[in-house]
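[1] Show me the folded form of this:
(one chain, ligands or ions: 1)
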Amino acid sequence: MEKLDDKTIRMLITAAIHARKMSYSPYSHYQVGAALLSGDGQVITGCNIENAAYTPTNCAERTAFFKAVSEGYKDFRAIAIVGSPEGDVLTQYAYPCGVCRQVMMEFCKPSDFQIIVAKSEDDYLVKTLQELLPEGFGPDNLNSYNNFTER
Ligand code: THU
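    So this is what the prediction gives:
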């Protein structure tokens with residue numbers, strides 16, 4: 001796994017903080033922003049988008065992934081996530097929900113993909129998808145020729 005340098009991590013956190021300002025969260029008042037880094041260095045952002053019917057709500061991470069995939073990206077290195085109750089102060093490390101981890105599993109190599117949870121550009125933690133979704137079910141499970149040497 002190629003670890004991200006501090007400058008790239010800070011840039012992603014800044015992008016996630018900016019994306020969080022677009023959060024549409026009139027029901028939970030919990031705002032999330034995400035910034036996804038593609039293999040070729042592009043940054044694709046997303047925010048959470050809630051719905052009056054509640055279940056159609058989309059998390060910030062999935063907004064970023066679905067935007068990216070719909071624009072032709074399928075190779076990803078990392079995602080920065082910032083989430084906290086409404087307001088400019090980030091009070092917690094917001095780890096991705098289970099559904100978002102599963103979406104990451106679809107497109108990312110668990111041992112390589114890096115998930116950055118941040119309270120600021122100076123205060124963050126980095127985990128791999130492998131750490132957050134151990135023994136995950138993914139595309140390889142449906143490939144009968146795969147012997148799982150990749151994981
Ligand atoms: N949310 C995210 O955007 N990402 C997560 O990983 C967890 C939850 C959003 C969904 C909802 O709009 C709000 O946070 C409260 O659950």
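
[2] Quick check: what element follows the longest helix seen in the chain along the chain?
    When the chain is parsed with DSSP state H, its longest helix is helix 6-20. Later in the chain than helix 6-20, the nearest helix or strand by DSSP states H and E is strand 30-38.

[3] Which secondary structure state does the spatially closest residue to residue 91 that is not a sequence neighbour sit in?
    Closest residue to residue 91 apart from its sequence neighbours, by Cβ to Cβ, 6 or more residues apart in numbering: residue 84 at 4.8 Å. From N, CA and C alone the C-beta is placed, and that goes for glycine too. Here residue 84 is strand, with the state taken from DSSP: H, G, I helix; E, B strand; the rest coil.

[4] by contact count, what packs against the strand or helix carrying residue 118?
    Of the helices and strands defined by DSSP H and E, residue 118 is found in strand 114-120. When contacts are defined as 3 or more Cβ pairs under 8 Å, 6 or more residues apart in numbering; DSSP states H and E, strand 114-120 sits against helix 6-20, strand 76-85, strand 123-128.

[5] is it true that residue 121 touches residue 16?
    No: between residue 121 and residue 16 there is no contact under Cβ atoms under 8 Å: 10.0 Å.

[6] higher neighbour count, these two?
    A count of neighbours by other Cβ atoms under 10 Å puts residue 16 above the other of residue 121 and residue 16, at 31 against 15.

[7] how close does that one get to the ligand?
    As judged by Cβ to the nearest ligand atom, to the nearest Å, residue 16 and the ligand stand 11 Å apart.
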